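> curious how this folds, go ahead:
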Amino acid sequence: MTQSPSPSSAGTPARVLERGSQARSNDIRMIAIALAMLCAGIVLMVWQPDFIYSTRRGPVLGPGLLVAGVVGALAALVSFVRHEKGQRPRVVIDDRGVHDATGPKAVGLIPWEEIAGLRVVSANSGRNEYVHVFLHHPEQALAQMIADPRRRQAMLTRASRGQAPIAINSGVLGLPGVSLATVIREEGERRVGWESTTS
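Below you'll find the model as predicted:
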């Protein structure tokens with residue numbers, strides 16, 4: 001992204017993007033699926049033991065469903081409770097820049113003047129999407145954002161290879177990557193007069 005000479009719209013209220021109802025529904029759906037697997041495992045082991053031992057993979061089917069159900073339900077429940085208690089991943093966009101608070105590895109404030117470009121990237125066969133953020137001056141910017149020297153060096157190594165050092169997880173917000181990138185681009189244009197590109 002490049003800034004044009006247009007003046008900044010000082011004092012514009014911040015825009016907050018956080019985990020919404022769609023993401024909450026996904027957690028509830030995952031809890032329901034995990035509980036269904038748990039119930040199926042119990043039914044097979046308690047009421048249908050003959051079926052379990054009549055097939056080659058039968059002996060691991062019931063216990064496997066039980067374990068998957070318990071682990072899945074606990075993971076989804078923890079995610080749901082954590083976010084409902086207010087510890088919600090969020091991105092806050094204001095006149096200073098983009099505040100990444102999407103998780104433990106979030107970088108915090110990314111100043112507008114440092115954002116050189118955005119790219120939407122899919123991972124895990126499209127199940128997760130990220131907005132990769134390229135920086136004009138990676139070494140100086142990351143020195144302000146990242147305290148851990150090993151993590152900072154890893155990010156600088158990515159930047160030296162032409163890769164984006166910062167990745168914002170749009171999935172935890174319940175947003176497609178393209179939607180998050182579009183919001184950032186539009187806010188940049190509105191606040192600092194960007195002529196921006198997003199790939």
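> could you use CA atoms for every contact and neighbour count after this?
Noted.
> residues contacting the residue nearest the centre of the chain?
Nearest to the centroid of the C-alpha atoms of the chain, with distances taken as Cα atoms, centre = their mean, sits residue 169, at 2.5 Å. Contacts were defined as Cα atoms under 8 Å, 6 or more residues apart in numbering; by that measure residue 169 touches 102, 128, 129, 130, 131, 177.
> now swap in residue 145 and tell me
107, 108, 109, 110.
> how much space separates it from residue 172?
As for residue 145, its distance to residue 172 is 21 Å (criterion: Cα to Cα, to the nearest Å).
> again, but for residue 166
Noted for residue 166: a distance of 16 Å to residue 172, by Cα to Cα.
> cool, and residue 95?
When distances are taken as Cα to Cα, residue 95 and residue 172 turn out to be 24 Å apart.
> so who does the closest residue to residue 67 other than its chain neighbours touch?
Closest residue to residue 67 apart from its sequence neighbours, by Cα to Cα, 6 or more residues apart in numbering: residue 38 at 7.5 Å. With contact taken as Cα under 8 Å, 6+ apart, residue 38 is in contact with 65, 66, 67, 68, 69, 70.
> and residue 77, by the same measure?
With contacts defined as Cα under 8 Å, 6+ apart, residue 77 is in contact with 27, 31.
> and it, what's its pLDDT?
On pLDDT, residue 77 comes in at 75.
> got it, and residue 126?
The per-residue pLDDT reported for residue 126 equals 61.
> where in this structure is pLDDT low?
1-11, 19-25, 44-45, 47-62, 79-80, 82-88, 125-127, 195-199 (pLDDT under 70).
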